[in-house]
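In: this one's sequence-less:
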């Protein structure tokens, strides 16, 4: 029987948004999604200081599932404890006020055990079931539920799975017919097949940003507030050997749907800067042009950034993108070594890189280059040549990441086959401690790669001409402070070897522009 539960004034005071109750659903439920903070991990591709300043991003996947639940007639709260700076105890206080029937968590492979700890604590205190989702469950669907915390999981997309699951959870609890549901049945873990029809990304509602603290998000190059991220397509048909999305089905939202979401972000949430998180935003030229035309025609006051391949843009497209507010493009360059580019199946040339970067910057769009340290055949000499190549491009930003065999990538499959060990699977199961993975494709040791990665950042970002240009281009004091602190931390605080950080046994804290504005929970407000 449906029973209305009142929304506590303490939750409202905390600054955490709660969706309105939608009447008429006889299996109405209250779902609490929690996005927990996480610490630095040795198996990450970024070094610690980069991870510290990387940014505070909205948990978009959770916001999508929250919107799907709302549309099905349920009440939702989304606690972004990472951005709000909430502890487990403070998060529990908010959830007690909300009285959820179900807890939801997003499980990334890197942070699986840490999120599992949060879920265990909150489940034990609240005595409600836990559902988990995220890309990790596509790779390890059964292993992700081989613990005493997760009761249910989402295999692949939640659009059809989640409403059907909630209907059964609040009703007969017959889970066999719920497409894409992972659940426990006695001592077995059952993985239901996903819905036979391929999901249309256009059918997804816009993420439930009304549940998020939109004024608090930022990434390292952010110039304007409010800031958010958008995803306008899934998958990527390219076949880079280091990318988990390589060769997956490309599923874009229509340009009309994208423009409508941009308008909603701008008019409803005051968002004036967007980062499109698509693997490659520019892959379909006509769609990219249509989105740009829509922004221009509607005179939407927004600047934006996106990711693109070097060979997907030209002068005409870049000019239209700039006119539509594009101010940064993140290019996957990876290395200045042509042989390594070929071995990683990038399908681009060094001369193409130079040409595209030159045109982009001439049109007034800032450039960021993604580079990898420890590519196939890498030596100390070749890595330093890549850093000099990056400096010669005069990019506004350069990110140097350690090439890591991520789950579902060809490099991961080859590593598992050659070593007989699946580190990520063992980590998910809690049978191994976090560590750096081996990199047999290079003669460089992991310690050398750590050292070279730090050297790359310092060499690139301390060039006098670069520093002068960076200072003159800063758009706000928070941006200046963020970048200054990051540089100082990189020079004076970043370890030469990542293992040294674990030995310090210090608490990892993400940089937060809003640290002094951290929202209080109801109990603190009542003091």
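Out: Perfect, thanks for sending it. Keep in mind the model is a prediction, meaning the values are calculated, not measured. Numbering: from 1, shown residues only.
In: Secondary structure class of residue 442, three-state.
Out: The local conformation at residue 442, judged by DSSP: H, G, I helix; E, B strand; the rest coil, is coil.
In: how much space between it and residue 348?
Out: If you measure residue 442 against residue 348 using CB to CB, to the nearest Å, the figure is 21 Å. Every residue, glycine included, has its C-beta placed from N, CA and C.
In: Over to residue 406?
Out: Spatial separation of residue 406 from residue 348 under the definition CB to CB is 21 Å.
In: what does residue 477 give?
Out: Spatial separation of residue 477 from residue 348 under the definition CB to CB is 38 Å.
In: what about residue 388, which helix or strand?
Out: With the criterion set as DSSP states H and E, the secondary-structure element containing residue 388 is helix 380-393.
In: Show the subsequent helix or strand relative to that helix.
Out: Following the chain from helix 380-393 toward its C-terminal end, the next helix or strand by DSSP H and E is strand 397-402.
In: Quick one, grab the pLDDT at residue 211.
Out: On pLDDT, residue 211 comes in at 97.
In: Mind listing the residues bridging to the residue nearest to it when sequence neighbours are not counted?
Out: Of all residues beyond its chain neighbours, the one nearest residue 211 is residue 78 (4.0 Å), with distances taken as CB to CB, 6 or more residues apart in numbering. Beta-bridge pairing of residue 78 under DSSP bridges involves residue 33.
In: okay, and for the stretch 151-300 of the chain, where does confidence drop off?
Out: The model of the stretch 151-300 of the chain has no residue with pLDDT under 70.
In: In this protein, what helix or strand scores lowest on average pLDDT?
Out: Per-element confidence for the chain was summarised using mean pLDDT, DSSP states H and E. The lowest value among helices and strands belongs to helix 522-526, with a mean of 34.
In: which helices and strands sit right next to the helix holding residue 388?
Out: Packed against helix 380-393 by the contact rule (3 or more CB pairs under 8 Å, 6 or more residues apart in numbering; DSSP states H and E) you find helix 350-362, strand 366-373, helix 446-461.
In: what do you get if the cut-off is 7 Å, keeping everything else the same?
Out: Contacting helix 380-393 under the criterion 3 or more CB pairs under 7 Å, 6 or more residues apart in numbering; DSSP states H and E are the following elements: strand 366-373, helix 446-461.
In: who wins for proximity to residue 210 among the ones you listed?
Out: Closest of the helices and strands packed on helix 380-393 to residue 210 is strand 366-373, at 30.4 Å (criterion: CB to CB).
In: buried ones in the closest one?
Out: Neighbour-count burial for strand 366-373 flags 366, 367, 368, 369, 371, 372, 373 (criterion: 16 or more other CB atoms under 10 Å).
In: what's around the closest residue to residue 448 other than its chain neighbours, how many residues?
Out: The spatially closest residue to residue 448, leaving aside those adjacent along the chain, is residue 380, at 7.0 Å (CB to CB, 6+ apart). For residue 380, the tally of surrounding residues (other CB atoms under 10 Å) stands at 14.
In: and if you look at residue 481?
Out: Residues near residue 481, counting by other CB under 10 Å, number 13.
In: Figure out the helix or strand that it lives in.
Out: Taking DSSP H and E as the definition, residue 481 sits inside helix 477-492.
In: what's the answer for residue 329, then?
Out: Assigned by DSSP H and E, residue 329 falls in strand 326-334.
In: Paired strands for that strand, with orientation please.
Out: Strand 326-334 has the following sheet partners, assigned by DSSP bridges: strand 303-308 (parallel), strand 366-373 (parallel).
In: roughly how far out does stretch 110-123 sit from the chain middle?
Out: From the chain centre to the centre of stretch 110-123 is a distance of 18 Å (CA atoms, centre = their mean, to the nearest Å).
In: got the buried residues for it?
Out: Taking 16+ other CB under 10 Å as the neighbour-count basis, stretch 110-123 is seen to contain the buried residues 110-116, 118-123.
In: Just send those back as JSON lines, with secondary structure and pLDDT too.
Out: JSON lines is the format used below for the buried residues of stretch 110-123 (DSSP: H, G, I helix; E, B strand; the rest coil; pLDDT from 0 to 100):
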{"residue": "110", "secondary structure": "coil", "pLDDT": "93"}
{"residue": "111", "secondary structure": "coil", "pLDDT": "95"}
{"residue": "112", "secondary structure": "helix", "pLDDT": "96"}
{"residue": "113", "secondary structure": "helix", "pLDDT": "96"}
{"residue": "114", "secondary structure": "helix", "pLDDT": "96"}
{"residue": "115", "secondary structure": "helix", "pLDDT": "97"}
{"residue": "116", "secondary structure": "helix", "pLDDT": "98"}
{"residue": "118", "secondary structure": "helix", "pLDDT": "98"}
{"residue": "119", "secondary structure": "helix", "pLDDT": "98"}
{"residue": "120", "secondary structure": "helix", "pLDDT": "98"}
{"residue": "121", "secondary structure": "helix", "pLDDT": "98"}
{"residue": "122", "secondary structure": "helix", "pLDDT": "98"}
{"residue": "123", "secondary structure": "helix", "pLDDT": "98"}
